[in-house]
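Novice: what's the 3D shape of this:
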Amino acid sequence: MSGRLAPRWPERASFVIPSLIAVAGAALLILQWQWGRMLWLDEEMIAINLRDRSFTQLAGQLTLGQAAPYGWLVAERAILLTFGPDERALRAIPLLFGIALLIVAAWIGHRWMTPAGATTLVFLCAAGQWISFHALELKHYSADSCFGLLIPALAVWAIEEDRVLTWWIVAAVAQWFSNGALFVVPVCALVVLKAQRGIASRSGVAIWLVSFGLNFIANLGPARSNDFLNQYWANAFPPRGSNGLVILEWLAAQLSPLALKPAGSGFGVWFWAVAVAGFILAIRRAPSIRLVFALIPISGLMFAAIRLVPMFERLALWMIPAAYVGVAFAADASVERIIRVRSEHRSLDAALGLTGCLVLLVILTDVARRGTTYLALAEPKANHEVDDRAAVRWLARQARPGAVWITTHNALPAVWWYANDNLPALESTVEQDGQSCGSSELGETLRRDGPTRALVYLGFSHKVPPSFDDTLLMRLGSLGQITAYNRFGESSHALVVDLREPPTGRVTLALLGATDDAGPADVSGCITVSPARRW
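Specialist: Here you go, the predicted structure:
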């Protein structure tokens, strides 16, 4: 049975609605993209690799705990070399993938769904909180969501149009730009090979395997052997040595968090239940289109169970469009039941259809409400409550011969990216046990190295103790005079300390006017510093 619908004129005209939603979603993405919001930590780390590595050096392990598909990295470096380190230029490729996702959703809806399903699918792809968020970030996740929807749909299209070799070629190329394009291939290949096992499929498999082998050498192998990444994502897998029951319990526990982030729904397992119901009840759709999309989230859970693909928020974005397809099929089934009542007068179908529409309306409203967090029509003044760009550039203008940067571990990439100078940088931490500082204590280090000025940036504060900022300021105030202070965003604090001038004395963020709080009572311990090094 063909899953492609042939709508009559009134139905065909109603497909204008999902098309308009796609256009509106693309316009909102472009609007936010043109603001040129500053990069934040994760983006800065990948941008540093793009700037400092050649095209060939982008193959293999990256620094700063980063990994991305090699083709995506090459395209981004080409953009950087052509247009410079402008935020809008660097985010142009993620933006294009975000817009492409909306186009693909509209195409799928028009080809395989009724207007109700098409509208639902495009709306979810346009309003989904994290789908839209990652289309505006310098990361490859928008490509994952785009190919996570396109590759399965193309597989069904290839079967229906007898273009199987075309699908294999597209899948072979796409894996260089998206990990999601790689992860969805196994279940798609099962459906394609079941339908077509001729010479086209055999040739396609060979092409894909050659591409995969080269991709593994350039990108996948080095990423899997990266000790930093393996440790960082260790909690995104079931505990090692777990039996089958423990693994199943762990997988079940992931459903609610994944529904919230990255799917953008606060209804937890009910979101997934609606998607499953859609795949089951949309009996007028071709089995292949239902099967291929239904298997994608299942395959994602299986990959996590065997510790192949981490199951965590943005890393699971490639699964989410398939779940959206299930929800869209649920909309199709609900509306079809209501339409059937008009001709057959079946009260049970009416009740089920109305109930389904009500549930879907609640879910879509919730997704839209959460999505407005990142679809606000006001230019943001910070990114993750920090403004690295303004703060670091302001500090860089205060640099003089003999200056040194002082900042925290997670704020170092901001200095390396936005300052990009040759000044030495010190990574600072607080030791609650003052006896353990020794020669690495801040004052000892500054006296030994002899800098004349300290450019201090307190930025992204993840894993920084609450008392750290004031402990650092108190120590700096005893070593020199704070000659300039500025605040950017909610949590970016920039200070200039002249180490040749008389000490300022006691100083905290509250005394600088950065906060109304009195500051932490406990500023005991000492500040240690070490030369900043890339990890």
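
Novice: quick one: contacts for Pro152?
Specialist: Counting by C-beta atoms under 8 Å, 6 or more residues apart in numbering, Pro152 touches Val184, Val187, Cys188, Val292, Phe293, Ile296, Ala322. Where you see a C-beta, it was placed from the backbone N, CA and C, and this is true even at glycine.

Novice: surely the fifth one meets Val325?
Specialist: Yes. Contact criterion C-beta atoms under 8 Å: Phe293 and Val325 qualify, at 4.4 Å.

Novice: which one among the contacts of Pro152 gets closest to Gly443?
Specialist: Val184 (55.8 Å; C-beta to C-beta).

Novice: if I look at the closest residue to that closest one other than its chain neighbours, how far off is Thr166?
Specialist: Counting by C-beta to C-beta, 6 or more residues apart in numbering, Ile151 is the residue found nearest to Val184 once chain neighbours are left out, at 5.0 Å. Note on Ile151: its distance to Thr166, by C-beta to C-beta, to the nearest Å, is 12 Å.

Novice: those two - which one has more neighbours?
Specialist: Ranked by neighbour count (other C-beta atoms under 10 Å), Ile151 and Thr166 place Ile151 first, with 27 against 15.

Novice: residues of the strand or helix carrying that one that come out buried?
Specialist: For Ile151, the element it lies in under DSSP states H and E is helix 141-161. For helix 141-161, burial by neighbour count (16 or more other C-beta atoms under 10 Å) applies to 141-160.

Novice: picking up where we left off before, narrow the contacts of Pro152 to those in strands?
Specialist: Judged by DSSP state E, the contacts of Pro152 include no members of strands.

Novice: could I have the ChimeraX command that selects the buried members from those?
Specialist: Only the buried entries of these go into this ChimeraX selection, using 16+ other C-beta under 10 Å:
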select :184,187,188,292,293,296,322
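
Novice: closest one of the contacts of Pro152 to Ser201?
Specialist: Cys188 (12.1 Å).

Novice: on that earlier part again, need the max-distance pair from the contacts of Pro152.
Specialist: Cys188 and Ala322 (10.7 Å).

Novice: same list (the contacts of Pro152) but as a markdown table, adding distance to Ala391.
Specialist: Output for the contacts of Pro152, formatted as a markdown table (distance: C-beta to C-beta, whole Å):
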| residue | distance to Ala391 |
| --- | --- |
| Val184 | 40 |
| Val187 | 46 |
| Cys188 | 46 |
| Val292 | 48 |
| Phe293 | 45 |
| Ile296 | 42 |
| Ala322 | 41 |
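
Novice: any weak-confidence spans in the stretch 301-450 of the chain?
Specialist: Across the stretch 301-450 of the chain, the stretches falling below the confidence threshold (pLDDT under 70) are 341-349, 373-381, 433-436.

Novice: should've said the stretch 1-150 of the chain
Specialist: 1-13.

Novice: show me where the stretch 251-400 of the chain has helices.
Specialist: Listed in chain order, the helices found in the stretch 251-400 of the chain under DSSP state H, counting those that start in this stretch are 269-281, 287-305, 320-344, 347-371, 388-397.

Novice: got the buried residues for the last one?
Specialist: What that stands for is helix 388-397. Under 16+ other C-beta under 10 Å, the buried positions of helix 388-397 are Asp388, Arg389, Ala390, Ala391, Val392, Trp394, Leu395, Ala396.

Novice: thought Glu336 was touching Thr114?
Specialist: Yes. Glu336 lies in contact with Thr114 (C-beta under 8 Å); the separation is 7.0 Å.

Novice: separation between Ile46 and Glu137?
Specialist: Counting by C-beta to C-beta - Ile46 and Glu137 are separated by 10 Å.

Novice: who's more crowded, the two?
Specialist: Between Ile46 and Glu137, counting by other C-beta under 10 Å, Ile46 is the more crowded of the two (26 against 22).

Novice: alpha carbons only: can I get whichever helix or strand that one is part of in CSV?
Specialist: Using DSSP H and E, Ile46 sits within helix 41-52. Taking C-alpha atoms only, helix 41-52 is exported to CSV below (Å, rounded to 0.1, in the frame of the first residue of the first chain):
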residue,chain,number,x,y,z
LEU,A,41,31.8,28.4,26.0
ASP,A,42,30.9,25.4,23.8
GLU,A,43,30.9,27.5,20.7
GLU,A,44,34.1,29.2,21.6
MET,A,45,35.9,25.9,22.0
ILE,A,46,34.9,24.6,18.6
ALA,A,47,35.6,28.0,17.0
ILE,A,48,39.2,27.9,18.5
ASN,A,49,39.8,24.6,16.7
LEU,A,50,38.4,26.0,13.5
ARG,A,51,40.7,29.0,13.7
ASP,A,52,43.9,27.4,14.8
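
Novice: contacts only, for Asn383.
Specialist: With C-beta under 8 Å, 6+ apart, Asn383 has these contacts: Arg37, Met38, Leu39, Trp40, Gly489.

Novice: repeat the analysis, applying 6 Å as the threshold.
Specialist: Taking C-beta atoms under 6 Å, 6 or more residues apart in numbering, we find Asn383 in contact with Arg37, Met38, Trp40.

Novice: from those residues, which single one is nearest Pro69?
Specialist: Once C-beta to C-beta is applied, the member of those that ends up nearest Pro69 is Trp40, at 21.1 Å.

Novice: the closest residue to the closest one other than its chain neighbours and Leu28, how far apart?
Specialist: Once flanking residues are discounted, Trp40 sits nearest to Asn383: 4.3 Å by C-beta to C-beta, 6+ apart. In this structure, Asn383 and Leu28 are 18 Å apart, going by C-beta to C-beta.

Novice: orientation of the helix or strand just after the helix holding Ile46 relative to helix 41-52 in degrees?
Specialist: Counting by DSSP H and E, the next helix or strand C-terminal to helix 41-52 is helix 70-83. Relative orientation of helix 70-83 and helix 41-52, computed by axes from the mean of the first three to the mean of the last three C-alpha atoms, to 10 degrees: 70 degrees.
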